[in-house]
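1. sequence plus the predicted model coming up.
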Amino acid sequence: MSYAMSTNLDTNLTSNTPLSHDAIRHFVAPEECLQGKTILVTGASAGIGRVAALTYARYGATVLLLSRNISKLEAVYDEIENSGGKQPAILPMDLETATYDEMRRLAKLIDTEFGQLDGVLHNAGILGQLTPLEMYDVDLFAKVMYVNATATFMLTQALLPLLKESDNGSIVFTSSTVGTHPRAFWGAYALSKQTLEGMSDIFTQETQNTTNLRFNCINPGGTRTNMRAHAFPGENPMTLKTPEDIMSGYVCLMSDASIGVRGQVVALQPKD
Ligand SMILES: NC(=O)c1ccc[n+]([C@@H]2O[C@H](COP(=O)([O-])OP(=O)(O)OC[C@H]3O[C@@H](n4cnc5c(N)ncnc54)[C@H](OP(=O)(O)O)[C@@H]3O)[C@@H](O)[C@H]2O)c1
């Protein structure tokens, strides 16, 4: 994987000035920049989350893989082990049905087994319907809001005590262009992403004076995955960036280079 060169790395790592969005997008990741970190990735079985998990492992992190599909998670686990990454962990969880108690037990398990949690990439999500709100199936609306936003909040809250123990914990929510600018027919998906942007902002305000935690949103922009293909069935996927193409921003927000970046919504493909 190659990363476009645009920032002076030494400046990135030593400066007190938070990185610009452009610097985050084009971050040149130093080898092992995630060494010593334990990072949880939700939706790690497919698409962007799978590639983020592989990439975090390649830069030295111990990666905790969460989603529903155990056999797909096992494939990611094997890929990490076979490429010499730190031994990952599979944490099967359905965000639609998991209770808050189960999430707290998960936090306890991470504490017992790994002793730390330094980052969470909240990446799991579902699309729902693309239809006018007037016609939106109300049960599906509730499900999309729950999986994309409510469960993300619950998991964040359950993991907060552990994240606070990290020197520089980073929590990244995954938004979308329709979350930043709600658009007709994107219904619950757009509203759930808008909620995540608000959630990141509120968590930032509530923690920035008392903790080292940083909360940010990432908007990957149109990326070649199954979700994108469902949303745009007529689109030629070869015109889209792959998850690998957009990993600079994902690595940057988890690495110490982004210390000081708080409450931001970073669009990785701003022209989308
Ligand atoms: N691709 C794009 O163009 C694009 C653009 C903007 C934003 N995004 C956002 O980027 C994120 C990743 O998207 P993607 O395109 O990579 O999607 P994807 O290929 O459909 O992957 C979605 C992931 O979420 C997991 N997931 C879904 N429901 C879950 C549940 N109930 N519990 C636990 N895990 C669940 C899936 O795993 P299991 O099936 O194993 O549970 C899968 O790993 C999403 O938040 C999406 O909204 C994507």
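-> Nice, I can see it.
2. report the contact partners of residue 212.
-> 166-169, 259 (CB atoms under 8 Å, 6 or more residues apart in numbering). For every residue, glycine as well, the C-beta is placed using N, CA and C.
3. one more time with 6 Å
-> Counting by CB atoms under 6 Å, 6 or more residues apart in numbering, residue 212 touches residue 168.
4. tell me where the stretch 151-272 of the chain has helices.
-> Secondary structure of the stretch 151-272 of the chain by DSSP state H, counting those that start in this stretch: the helices cover 151-165, 177-180, 187-207, 226-231, 247-254.
5. this structure: strands as residue ranges?
-> 38-42, 62-67, 89-92, 119-122, 170-174, 214-219, 265-267 (DSSP state E).
6. do you know which of the helices of the stretch 151-272 of the chain lies nearest residue 85?
-> Across the helices of the stretch 151-272 of the chain, residue 85 has its closest neighbour in helix 247-254 (13.9 Å, CB to CB).
7. any idea how many residues pack against residue 97?
-> 11 (other CB atoms under 10 Å).
8. change the start of the numbering to 421 and stick with it
-> In the new count, where the first residue is 421, that last one comes out as residue 517.
9. by mean pLDDT, point me to the weakest helix or strand of this protein.
-> The weakest-scoring helix or strand in the chain, judged by mean pLDDT, DSSP states H and E, is helix 429-434 (a mean of 37).
10. deepest of the helices of the stretch 571-692 of the chain, which one?
-> Each of the helices of the stretch 571-692 of the chain was scored by mean neighbour count; the highest is helix 667-674, a mean of 25, by mean count of other CB atoms under 10 Å.
11. quickly check: it near the ligand or not.
-> No: using CB under 6 Å from any ligand atom, we find that helix 667-674 stays clear of the ligand, coming within 10.5 Å at best.
12. enumerate every residue touching residue 525.
-> Applying CB under 6 Å, 6+ apart, no residues qualify as near residue 525.
13. state the distance from it to residue 541.
-> The spacing between residue 525 and residue 541, counted by CB to CB, to the nearest Å, is 21 Å.
14. would JSON lines of the strands of the chain with mean pLDDT and mean neighbour count be doable?
-> Compiled in JSON lines, the strands of the chain are given as follows (pLDDT from 0 to 100; neighbours: other CB atoms under 10 Å):
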{"stretch": "strand 458-462", "mean pLDDT": "99", "mean neighbour count": "27"}
{"stretch": "strand 482-487", "mean pLDDT": "98", "mean neighbour count": "26"}
{"stretch": "strand 509-512", "mean pLDDT": "98", "mean neighbour count": "16"}
{"stretch": "strand 539-542", "mean pLDDT": "99", "mean neighbour count": "27"}
{"stretch": "strand 590-594", "mean pLDDT": "98", "mean neighbour count": "26"}
{"stretch": "strand 634-639", "mean pLDDT": "98", "mean neighbour count": "25"}
{"stretch": "strand 685-687", "mean pLDDT": "98", "mean neighbour count": "21"}
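15. which one, of the ones you listed, ends up nearest to residue 626?
-> Of all the strands of the chain, strand 634-639 comes closest under CB to CB, at 9.3 Å.
16. now do the closest one: distance to the chain's middle.
-> 8 Å (CA atoms, centre = their mean, to the nearest Å).
17. who does that strand touch, helix- and strand-wise?
-> Here strand 634-639 touches strand 590-594, helix 607-627, strand 685-687, going by 3 or more CB pairs under 6 Å, 6 or more residues apart in numbering; DSSP states H and E.
18. quick one, which of these is nearest to the ligand?
-> Closest approach to the ligand among those (CB to the nearest ligand atom): strand 590-594, 3.9 Å.
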